[in-house]
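> Got a sequence here, can you model it:
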Amino acid sequence: MVTLTDIDLIQLLRKNDLNADTLQEDVVALLLEKHLKVATAESCTGGLLSERITRVSGASAVFDCGVCSYANAVKAKVLGVSEETLSVLGAVSAETAIQMAEGVKKLSGADIAVSTTGIAGPTGGTPEKPVGLVYLGVCTDKKAYAVKLLLGGANGQNNRAAIRRIATDAALFTVLSECHSR
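Model prediction:
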């Protein structure tokens with residue numbers, strides 16, 4: 001599993017000549033060009049990823065479904081996340097992220113599904129699962145995988161808004177990468 005920090009994400013965006021403020025426009029444009037659809041399942045980002053996509057004019061042609069599954073009961077009931085996964089590994093785990101993405105892909109029929117689950121802070125972290133730990137789940141017709149994000153900042157800052165924003169940057173970048181691989 002790939003692990004990225006907030007600094008890694010900034011470097012990836014720069015290397016690829018991308019602006020974090022316009023990532024959603026790049027995503028919608030590329031999805032339109034490739035005739036693909038995306039769906040989202042969000043926990044720690046609370047709908048921010050879906051909002052960023054749908055703020056772009058024309059997004060309705062590439063986005064049919066976003067599920068905000070903040071509660072474990074919704075993760076299980078709507079997205080089909082295993083009760084065992086939730087009880088043994090917890091909501092903040094690679095397995096939960098993957099199952100969330102698989103669930104929203106099945107629900108929506110999208111070509112690419114992406115999920116977010118993590119600890120946005122400023123409270124709620126533990127030594128094993130610190131504030132800023134976020135897992136992205138990705139599911140396509142050919143694969144399902146997770147990306148681990150460590151977004152607490154080099155100084156251990158626990159800025160909730162920044163963590164949520166950078167997590168959505170990472171999710172959008174991942175969708176772009178999946179589109180380019182087709």
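
> what sits against the closest residue in space to residue 165 that isn't next to it in sequence?
Closest residue in space to residue 165, ignoring its immediate chain neighbours: residue 48 at 7.2 Å, by Cβ to Cβ, 6 or more residues apart in numbering. In this view, the C-beta of every residue, glycine as well, is placed from N, C-alpha and C. Residue 48 makes contact with 42, 164, 165, 168 under the criterion Cβ atoms under 8 Å, 6 or more residues apart in numbering.

> Roughly how far does residue 48 sit from residue 161?
9 Å (Cβ to Cβ, to the nearest Å).

> How many neighbouring residues does residue 21 have?
8 (other Cβ atoms under 10 Å).

> And the one 5 residues further on, by the same measure?
With neighbours defined by other Cβ under 10 Å, the count for residue 26 comes to 18.

> per-residue confidence averaged over stretch 72-83?
What stretch 72-83 shows for mean pLDDT is 98.

> who's in contact with it?
Identification of contacts with stretch 72-83 by Cβ under 8 Å, 6+ apart yields 41, 43, 67, 69, 86, 91, 96, 99-100, 102-104, 106-107.

> Can you give me the end-to-end span of stretch 83-95?
12 Å (Cα to Cα, to the nearest Å).
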